[in-house]
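Novice: below are the sequence and a predicted model; questions follow.
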Amino acid sequence: MRIGVVTFPGSLDDRDAQRAIRIAGAEPVALWHGDHDLHGVDALVLPGGFSYGDYLRCGAIASLSPIMTEVIDAANKGMPVLGICNGFQMLAEAHLVDGGLIRNDSGTFICRDQRLRVESTSTAWTGGFSTGQEITIPLKNGEGGFIASAETLARLEGEGQVVFRYLDVNPNGSLNDIAGVSNARGNVVGLMPHPEHAVEPGFGPDTPAAMRSGIDGLTFFASVIERSLVGA
Amino acid sequence: MPTIVVEVMPKAELLDPQGKAVAGALGRLGKDKFTGVRIGKRFEITVDGPADDAVLAEVQELAESMFSNSVIEDVISVHYAGVDGFGASAAADFAVGNVTEDTDVTGTDVATPPAGETH
């Protein structure tokens, strides 16, 4: 399986996402924001970072990049797309997922290992989890407050499109403790925390078993690979 | 050159952490009569060539699709620079090309904002 990672001006975690894909057993393909070419990939990751310096709104200018024409088209045709942090903001700006992200209610940048509950395993990126499973992956954002109109929120909750919820603390004021959502079809998932930073023992969050041994993020990438094998 | 101004604010029902932080600082300065601050954005769009209603409509469309995100923000106004007090009047601004706060108005007949202007 070949999974594309789009690099935008100001992307930070594109290389980490490529590495996570490789560790999970797929082939990462570096894609460039200025191209109109997905190079025949089977899935896409929009990585974290601070594209265009967060100018205008986080992810807003990147969501208008040339390659986003192809990304939006592929997403609407069912290609698995994962937006992480700034990538989630781009998905929201491109209207591939509902809702929006605003400045953390604390007014500060938050960086911590964050416990989450997996609320939906029927998406392209969460099939390898069990419903209600609790995972820990790093969170690092300044504008991660998820908001949506009451009507949209009710629909997301009712249709099972809330994919991840914050546990222990709500780090950024997100409504209903929402950390990640999917589109109606479940192929597009966006979340603020960073699965790609929890894929390799020695470099992940601490666990009761050992320091920095958390690899809960690996399941995101393993899930989409597994799904492609089943579907093949 | 004509300038069109777009003003965008975070939705009223949303928490505005920037405004809240500034309001907190006002409180610490003893400015207790100012009970709230909300912070939005002002865009000044310079137009190459004369601006007419079609251009204004195009900017209105951009204001809603690009300059703002309707999920989190509202477009408050789209108008020729000058209408809100930086120039003389909409008609004058339209005639001479619009001014903005930092426009050099020397040699034009654009007046300073009228006294009592509250913008």
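Specialist: Thanks, I have the structure now.
Novice: ok, now how distant is residue A:172 from residue A:199?
Specialist: Residue A:172 sits 23 Å away from residue A:199 when distances are taken as CB to CB, to the nearest Å. Every residue, glycine included, has its C-beta placed from N, CA and C.
Novice: pull the number of nearby residues for the closest residue to residue A:85 other than its chain neighbours.
Specialist: Spatial nearest neighbour of residue A:85, chain neighbours left out: residue A:48 (3.4 Å); criterion: CB to CB, 6 or more residues apart in numbering or on different chains. A total of 26 residues lie near residue A:48 under the criterion other CB atoms under 10 Å in any protein chain shown.
Novice: wait, residue A:48 sits on residue A:83?
Specialist: No: under the criterion of CB atoms under 8 Å, residue A:48 makes no contact with residue A:83, lying 9.0 Å away.
Novice: point me to the residue of chain B nearest chain A.
Specialist: residue B:71 (3.7 Å; CB to the nearest CB).
Novice: nearest spatial neighbour of that residue, skipping sequence neighbours?
Specialist: Counting by CB to CB, 6+ apart, the residue nearest residue B:71 is residue A:100, at 3.7 Å.
Novice: contacting residues around the one you found?
Specialist: Residue A:100 is in contact with A:92, A:146-148, B:69, B:71-72, counting by CB atoms under 8 Å, 6 or more residues apart in numbering or on different chains.
Novice: residue A:60 and residue A:4: what is the separation?
Specialist: In this structure, residue A:60 lies at 21 Å from residue A:4, with CB to CB as the measure.
Novice: neighbour count: the two, which is higher?
Specialist: residue A:4 (28 against 21).
Novice: please enumerate the helices of chain B.
Specialist: Counting by DSSP state H, the segments of chain B that form helices are B:17-28, B:53-62, B:90-96.
Novice: quick check: residues of chain A near chain B?
Specialist: Proximity of chain A to chain B is assessed by CB under 8 Å from any CB of the partner chain, with A:56-57, A:60, A:64, A:92-93, A:98-107, A:145, A:147-149, A:173 identified as the residues in range.
Novice: neighbours of residue 3, just the number please.
Specialist: Using chain A here. When neighbours are defined as other CB under 10 Å, residue A:3 has 26 of them.
Novice: oops, wrong one, chain B.
Specialist: When neighbours are counted by other CB under 10 Å, residue B:3 registers 21.
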